[in-house]
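[1] predicted model, plus sequence, below.
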Amino acid sequence: MHKLLAGESARRMFLLGNEAIARGAVEAGLAVGATYPGTPSSEISSTLFEMSHESDLYFEYSVNEKVALEVAAAAACSGLRSMAIMKHVGLNVAADPLLTLAYIGVRGGMVVVTADDPLMFSSQNEQDNRYYGKLAGIPVLEPSSVEEAKEMVRYAFELSEKVHEPVLFRTTTRINHSTGVVTLGDRQPVKTSGDFTKDPFNWVPIPAVARNLHVKLLKNWVDAKHLSEMSPYNFTEGGGWWGIICNGVSYNYVRDGIKDLGLEESVKVLRIGFSNPLPENMIKKFLAGCEKVLVVEEGEPYMEEAVKAFAQEEGLTIPIKGKGPEVLSRLYEFDPAMVRKVIANYFGVPYTPPVLPDLSDIPEIPQRPPNLCAGCSHRATYYIVKQAAEGMQTIYPTDIGCYTLGILPPLAMADYLLCMGSSLGAGCGFSKATDKKVISFIGDSTFFHSGIPGLVNAIFNNHNLTLVILDNGITAMTGHQPNPGVDMSKLNLSGYGRVSIEQVVRGLGVPSVTMIEPFKIRKSIEAVREALEFKGVSVVISTQICTLYAKALKLDTKRVFKIGDKCKGHRNCIDQLGCPAFFTKDGKIQIDPGLCTGCAVCAQICPENAIIPAKD
Amino acid sequence: MNTTRLIIVAVGGQGNLLASGVLGEAALLSNIPVRMSEIHGMAQRGGVVESAMLFGDGESTVISDGEADVLVGFEPSETLRALKKCNKNTVVVTNLAPLPPFTVAIGKGVYPDLVRLQELIRAKTSRLIAVDAMELAKQAGSSLAVNMVLLGATMQTGKIPVSPENVKEAIRTKVKPAFVEINLKAFELGFAAART
């Protein structure tokens, strides 16, 4: 049994934040969950998906975040507790249904998890999704620790049912990927069968209906504000004439900083865990008891601006600062020493910074950027396209996935990227704006997620571009989650359909469709060259299973290769492929047998045929 | 109680997260408050994995530059790269078996000299424990047990407020049954090697 299902109430477990959130949802009686995977949220979904095989929970990997949110919304409309899980940029995709769902409201509790990523450990931006709560007019909850996250998820479902609105549960990477000791609670019984009552003048927001629904939303917002004022997740602690208002992980740094600086008697803290609507009266009362206030929040000055407005209403002229050159940054994530220093400087108390080691005599250490794996089929496809496009002036719009790592030399096959699916839309634009050959790259999961509309657009508007679909049979980047193209029987899961990318592409009427097996280098280069010469929309589908996924499925039985005596040191293998299995020792090129997967791509490009199977 | 701050840096695939998970379970068994955060977004793609573990009082799960009490590096150049986390009182444990990044192979960097690397770490911290964890892991029965060798060496520093017995108990519960004996042996070899 799954460890989170087997764990009995009151048991203490050392859990990842994402596991704690999943457990909290199960304790709350979650009935329907839906997601599109995205770091740092992915383990919430994989944990719930695993548990769904052994419990009453229905959990699905939806085609994208918009659909996931709509699935969860319908379940909540039918009176079930539901959850939609995504990373912060995923909520941009799901923003359309979210903002009208706020008008329509919910019956069963619905929680939308947004995992924000300050410092962008694995994201293309560090947007602050608390503003979505404000934009939609729905409650926002933000935990400060792993332990609190589990409790707060349970509360989020109750809150949602009280105000009849979805609740935005906002984490940051340092909650999702922190681990802490969590005490398990009771599991509420799950209501698994929903009921839907026809009520189109509440559920169908035609203008006449929507005008009434907006009035209802504002009423719900007043209820939510009342609950925020009384919420145990908004609290004051400590005493003194200085004040700090903080949220999320910043609260931990503030607490540690106050203790380290010995300011327990001089600084009081207002921790905001229920951050939309903000507890206006509570904040005003806090400000009235302060001579000087610091707002500590990662990201944007979301609370700071509201706090300043509250002070204005109260006629308070005390200094209030948060973001600014002498205080805190809107950039990146905070750390304990940074917050300690800002507290000391702002309130003018003595502070001894940590003595950092003098690193001036440390030699330059070679970088270790993440790289496409040894035996990754994307490397082979990039090599093939590069060879086929030789002599052409090209633009390579790319997309979101492992293959974005093709940006690095020696491949250098990524020129432009916005978001999921942008390789196609941007590709259409480049084909009109320039006279260069546009070759867009997209993975299988991203193609389903948001690539298809861009391809339809390219066909309709007759753009001149080649789309290369890198089909490795799984959503690899986030840890091998299913997508509509995946053969679920390989995972011993039944009851799933399967969508063929080739049939989709042909069904759309793409005039030139080319299938390649990327480990057959010469044949593929010829085929791709023809596709590139086609005027109009051409699609190349490069099919080869993800090498890590193949390993997980125990499908990797290929022979390992080695460098034979014929090597004359041309270095094409290293200089054109950059496979991490290669290294040089005493000036000689070698292959690490522990990393080589036997894809044989290097063997096919060696001018001396010096790369040969290693004999066992 | 005081706070002990431990940073573990490794290359994806070296088993850093299992090692930190074992240490966390051991702290739970010892009734020592423990918190951890990890950065592993691209670990499986050959990037760097970093775990920050905090034992004792406090709330943060992040360790600022200059504030680690113990730094454990599973790969020598990564130990050196993480030196900014240390101060003159920090105890450093490092593996001496290099895993050069592919940037070295494509000529975009030179791997640091191992003798000089150890001199530099010694000069800037209070103590360096350097072991060839790969060699000891092979002795224990698997090159994959590098993480347990280094966990053993880390316990020998005496800085982690958890008993070696509880770490061994956590190995028995966290590691797949077939690998428990090899992992325990690796732990013992690391523990012994760090004593000398």
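    The structure has been received and is ready for your questions. Residues are numbered from 1 along each chain as shown, chains lettered A, B, ... in the order given.
[2] residue B:6 and residue B:160 touch, don't they?
    Yes. Residue B:6 is within contact range of residue B:160, at 6.6 Å (criterion: CB atoms under 8 Å). Every C-beta, even on glycine, is put in place using the N, C-alpha and C of the backbone.
[3] and for the two, which residues touch both?
    When contacts are counted by CB atoms under 8 Å, 6 or more residues apart in numbering or on different chains, residue B:6 and residue B:160 have B:23, B:55, B:70, B:154 as shared neighbours.
[4] would you check which pair of these lies furthest apart?
    B:55 and B:154 (12.1 Å; CB to CB).
[5] please enumerate the shared neighbours of those two.
    With CB under 8 Å, 6+ apart, residue B:55 and residue B:154 have common neighbours B:6, B:160.
[6] near the nearest residue to residue A:291 once chain neighbours are set aside, how many other residues are there?
    Nearest residue to residue A:291, sequence neighbours excluded (CB to CB, 6 or more residues apart in numbering or on different chains): residue A:241, at 4.5 Å. Neighbourhood size, residue A:241 [other CB atoms under 10 Å in any protein chain shown]: 13.
[7] before we move on, what SS does the closest residue to chain B within the stretch 301-450 of chain A have?
    Of all residues in the stretch 301-450 of chain A, residue A:366 sits closest to chain B, at 2.7 Å by CB to the nearest CB. Counting by DSSP: H, G, I helix; E, B strand; the rest coil, the backbone at residue A:366 sits in coil.
[8] out of the helices and strands in chain B, which is least certain?
    helix B:102-105 (a mean of 88; mean pLDDT, DSSP states H and E).
[9] now swap in chain A and tell me
    Every helix and strand of chain A was ranked by mean pLDDT, DSSP H and E. The lowest is strand A:582-585, at a mean of 88.
[10] list of residues touching that strand?
    A:573, A:574, A:589, A:590, A:591, A:592, A:602, B:100, B:102, B:104, B:105.
[11] quick check: buried residues in the helix or strand following it?
    Downstream of strand A:582-585, the next assigned helix or strand under DSSP states H and E is strand A:588-591. For strand A:588-591, the neighbour count (16 or more other CB atoms under 10 Å in any protein chain shown) marks A:589, A:591 as buried.
[12] next, residue 48: phi, psi?
    Assuming you mean chain A. Per-residue torsions, residue A:48: phi -70, psi -40 (degrees, to the nearest 10).
[13] ah, I was thinking of chain B
    According to degrees, to the nearest 10, residue B:48 has phi -90, psi 140.
[14] and stretch A:398-411, how far out from the chain middle?
    Put simply, stretch A:398-411 sits 17 Å off its chain's centre (CA atoms, centre = their mean, to the nearest Å).
[15] how long is stretch A:273-287 from one end to the other?
    With CA to CA, to the nearest Å applied, stretch A:273-287 spans 18 Å between its terminal residues.
[16] ok, now stretch A:138-148?
    When the termini of stretch A:138-148 are compared using CA to CA, they are 21 Å apart.
[17] tell me if it is near chain B.
    Yes. Under the criterion of CB under 8 Å from any CB of the partner chain, chain B is reached by stretch A:138-148 at A:144, A:145, A:146.
[18] can I get those residues in TSV with neighbour count, distance to residue A:212 and pLDDT?
    Output for the residues of stretch A:138-148 next to chain B, formatted as TSV (neighbours: other CB atoms under 10 Å in any protein chain shown; distance: CB to CB, whole Å; pLDDT from 0 to 100):
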residue	neighbour count	distance to residue A:212	pLDDT
A:144	24	38	98
A:145	24	41	98
A:146	28	42	98
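[19] just these: which are in helices?
    Among these, DSSP state H puts residue A:146 in helices.
[20] now do the same contact list for the residue nearest to residue A:291.
    So residue A:241 contacts A:266, A:289, A:290, A:291, A:292 (CB under 8 Å, 6+ apart).
[21] ranking those by neighbours, who comes first?
    residue A:290 (22 neighbours).
[22] what's the neighbour count on the spatially closest residue to it that is not a sequence neighbour?
    Take residue A:290 and drop its neighbours on the chain: the residue closest to it by CB to CB, 6+ apart is residue A:243, 3.7 Å away. The number of residues packed near residue A:243 is 24, by other CB under 10 Å.
[23] ok so, going back, isn't the residue of the stretch 301-450 of chain A closest to chain B right next to residue B:106, touching?
    No. Using CB under 8 Å, residue A:366 is not in contact with residue B:106; the gap is 10.0 Å.
[24] stretch B:69-82: which residues count as buried?
    Residues of stretch B:69-82 classed as buried: B:69-82 (neighbour count, 16+ other CB under 10 Å).
[25] rewinding a little: show the buried residues in the contacts of strand A:582-585.
    Of the contacts of strand A:582-585, these count as buried by 16+ other CB under 10 Å: A:573, A:574, A:589, A:591, A:602, B:100, B:102, B:104, B:105.
[26] so the second one sits against residue B:106, correct?
    If I follow you right, that is residue A:574. Yes. Using CB under 8 Å, residue A:574 is in contact with residue B:106, at 5.8 Å.
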